[in-house]
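*Asks:* Structure for this input, please:
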Amino acid sequence: MSPEEVARTYQFRDGFELVDYAEVGLPIFRLTIESITLAQRVLPTIHEFSMRSLGLSEGSSEDVARTLGLKGDVISAALANLVDEALVMRVPDGIG
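*Replies:* Presented below is the predicted three-dimensional model:
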């Protein structure tokens with residue numbers, strides 16, 4: 001795709017305004033990493049980052065989805081699981 005096609009495709013995103021675009025080249029480096037897992041995470045990654053976004057005062061699932069760049073139904077399902085596990089609580093609008 002050309003830069004113009006990409007700009008045209010992504011110019012209408014909720015909460016964002018495209019003001020300019022330019023073609024850029026990003027460097028790519030090869031890196032070998034040896035890692036050791038110190039602690040196994042209980043929560044899936046989407047659940048963890050949903051909770052982190054909620055901790056940053058992102059109030060609604062739409063705000064969390066926009067912050068993480070994910071679809072709303074993915075975040076809604078993750079938050080529903082977190083509510084079922086009693087890790088988060090739904091609060092009516094205007095409270096909190």
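
*Asks:* May I have the residues that are in contact with the residue positioned nearest the centre of the chain?
*Replies:* For the chain, the residue nearest the mean C-alpha position is L68 (1.2 Å; Cα atoms, centre = their mean). Shown in contact with L68 (Cβ atoms under 8 Å, 6 or more residues apart in numbering): I46, F49, S50, S53, I75. In short, each C-beta sits where N, CA and C put it, glycine included.

*Asks:* how about it, phi and psi?
*Replies:* phi -90, psi -10 (degrees, to the nearest 10).

*Asks:* could I have the helix or strand containing D63 exported to CSV, CA atoms only?
*Replies:* Assessed by DSSP states H and E, D63 sits inside helix 61-68. Once non-C-alpha atoms are left out, helix 61-68 reads as follows in CSV (Å, rounded to 0.1, in the frame of the first residue of the first chain):
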residue,chain,number,x,y,z
SER,A,61,-14.8,-0.8,28.3
GLU,A,62,-14.8,1.4,25.2
ASP,A,63,-12.1,3.6,26.8
VAL,A,64,-10.0,0.5,27.6
ALA,A,65,-10.4,-0.9,24.1
ARG,A,66,-9.4,2.4,22.6
THR,A,67,-6.4,2.7,24.9
LEU,A,68,-5.2,-0.8,24.1
